[in-house]
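*Asks:* need a 3D model of the sequence below.
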Amino acid sequence: MFGNTALIQQNLQHAGNGRTPSQQRYRAAQTFWQLYFQASLHALWARVSGRNTNLESLHEQNNEHSNGRRLPGVHIIPINQIRGSEGRSQDFDFTFRPRQTHNLDRWVNIAIARDRGIPLPPVDLIRVGQTYYVRDGHHRISVARAQGQADIEAHVTIW
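*Replies:* Got it, this is the predicted structure:
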């Protein structure tokens with residue numbers, strides 16, 4: 001997360017796919033707002049029906065193994081097995097649709113990078129049982145899922 005922003009911005013300046021940057025930004029922002037409104041409507045319906053649309057919070061897990069072991073290498077993880085977050089469970093819903101507007105710029109930049117074919121770093125996940133929690137990479141997962149990607153590259157720590 002820390003060094004990834006600069007890398008993505010640098011790569012955005014040097015890549016292209018035929019669309020102007022303003023067209024790409026408009027298209028990505030439009031997708032963000034569609035997902036944001038879908039998440040908002042889904043959350044409203046969930047409150048009425050008594051359902052929960054939040055990502056699971058890793059901090060709510062009773063797990064004594066917070067210093068787990070990191071698996072070597074990069075792994076391909078099905079996005080539908082990622083169900084929680086280490087610290088941003090309020091920023092995205094359980095399908096990784098954005099729930100906060102402060103996510104817009106970062107989300108759009110990642111969508112543009114993916115659209116241009118710029119390689120993005122693997123996300124960082126924690127596995128507890130068969131469930132994965134995001135440590136770093138919420139926006140990359142959200143964009144990948146929005147674009148129909150089923151799997152994502154990840155560094156995995158097992159608790």
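*Asks:* below-threshold pLDDT in this protein: ranges please.
*Replies:* When the per-residue scores of the chain are filtered using pLDDT under 70, the ranges that remain are 1-19, 50, 52-53, 59-67.
*Asks:* hey, where'd the strands end up in it?
*Replies:* Listed in chain order, the strands found in the chain under DSSP state E are 56-57, 69-70, 75-78, 82-85, 123-128, 131-136, 151-158.
*Asks:* list the helices and strands the fourth one packs on?
*Replies:* Read that as strand 82-85. Strand 82-85 sits against strand 56-57, strand 131-136, with contacts defined as 3 or more C-beta pairs under 8 Å, 6 or more residues apart in numbering; DSSP states H and E. Bear in mind the C-beta positions are built from the backbone N, C-alpha and C, glycine included.
*Asks:* what pairs with the longest one, and is each one parallel or antiparallel?
*Replies:* Each strand that strand 131-136 pairs with, and the sense of that pairing, follows from DSSP bridges: strand 82-85 (parallel), strand 123-128 (antiparallel).
*Asks:* looking at the helices and strands packed on strand 82-85, which is nearest to Ile79?
*Replies:* Evaluated with C-beta to C-beta, the helices and strands packed on strand 82-85 place strand 131-136 nearest to Ile79, the distance being 9.2 Å.
*Asks:* I'd say Ala43 and Arg99 touch.
*Replies:* Yes - distance between Ala43 and Arg99: 7.1 Å, which falls inside the contact criterion (C-beta atoms under 8 Å).
*Asks:* higher neighbour count, these two?
*Replies:* A count of neighbours by other C-beta atoms under 10 Å puts Arg99 above the other of Ala43 and Arg99, at 21 against 17.
*Asks:* great, nothing more from me.
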